[in-house]
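**Q** Need the 3D shape of this:
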Amino acid sequence: MNILFVVDILLNLIYTLEKNGVLGGKYYSTIANPNWIETLYEEAKKLKGYVDSKKAPFSVIHLSDIDLNELLEYQERLSDTAK
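**A** Residues are numbered from 1 along each chain as shown. Below you'll find the model as predicted:
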């Protein structure tokens, strides 16, 4: 996924929240701060570089190909193991 695409999604979300009056002081001292945005962008670029260097075999999975029952059974086994 393109890092600029992620930043664009983040900025659109912020715009929507700000337009609806949801954001407060914490927002303006973090996400609305240009230095914070630059730091986030740089860290995201580092993370992308790390992931790209691992050459993990990612592939697209269609929702219709996912067996929810199998995933739920797996989750239950994990939960039982954690107890």
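
**Q** For the rest of this, base every contact and every neighbour count on C-alpha atoms.
**A** OK.

**Q** before we move on, what SS does V22 have?
**A** coil (DSSP: H, G, I helix; E, B strand; the rest coil).

**Q** Could you report the pLDDT at it?
**A** We have a pLDDT of 70 for V22.

**Q** What degree of burial does L47 show, as a neighbour count?
**A** 13 (other C-alpha atoms under 10 Å).

**Q** what about it, helix or strand, and which?
**A** helix 34-54 (DSSP states H and E).

**Q** and that helix, how far from the chain's centre?
**A** Centroid displacement of helix 34-54 relative to its chain, using C-alpha atoms, centre = their mean, to the nearest Å, is 12 Å.

**Q** And that helix, what does it pack against?
**A** Packed against helix 34-54 by the contact rule (3 or more C-alpha pairs under 8 Å, 6 or more residues apart in numbering; DSSP states H and E) you find helix 3-19.

**Q** Buried residues in the helix-or-strand element of the chain with minimal mean pLDDT, which are they?
**A** Among the helices and strands of the chain, helix 25-29 carries the lowest confidence by mean pLDDT, DSSP states H and E, at a mean of 71. Within helix 25-29, no residue qualifies as buried by neighbour count (16 or more other C-alpha atoms under 10 Å).

**Q** Quickly note the distance from the spatially most central residue of the chain to E76.
**A** Centroid-nearest residue in the chain: V6, 8.0 Å away (criterion: C-alpha atoms, centre = their mean). Using C-alpha to C-alpha, to the nearest Å, we find V6 at a distance of 32 Å from E76.
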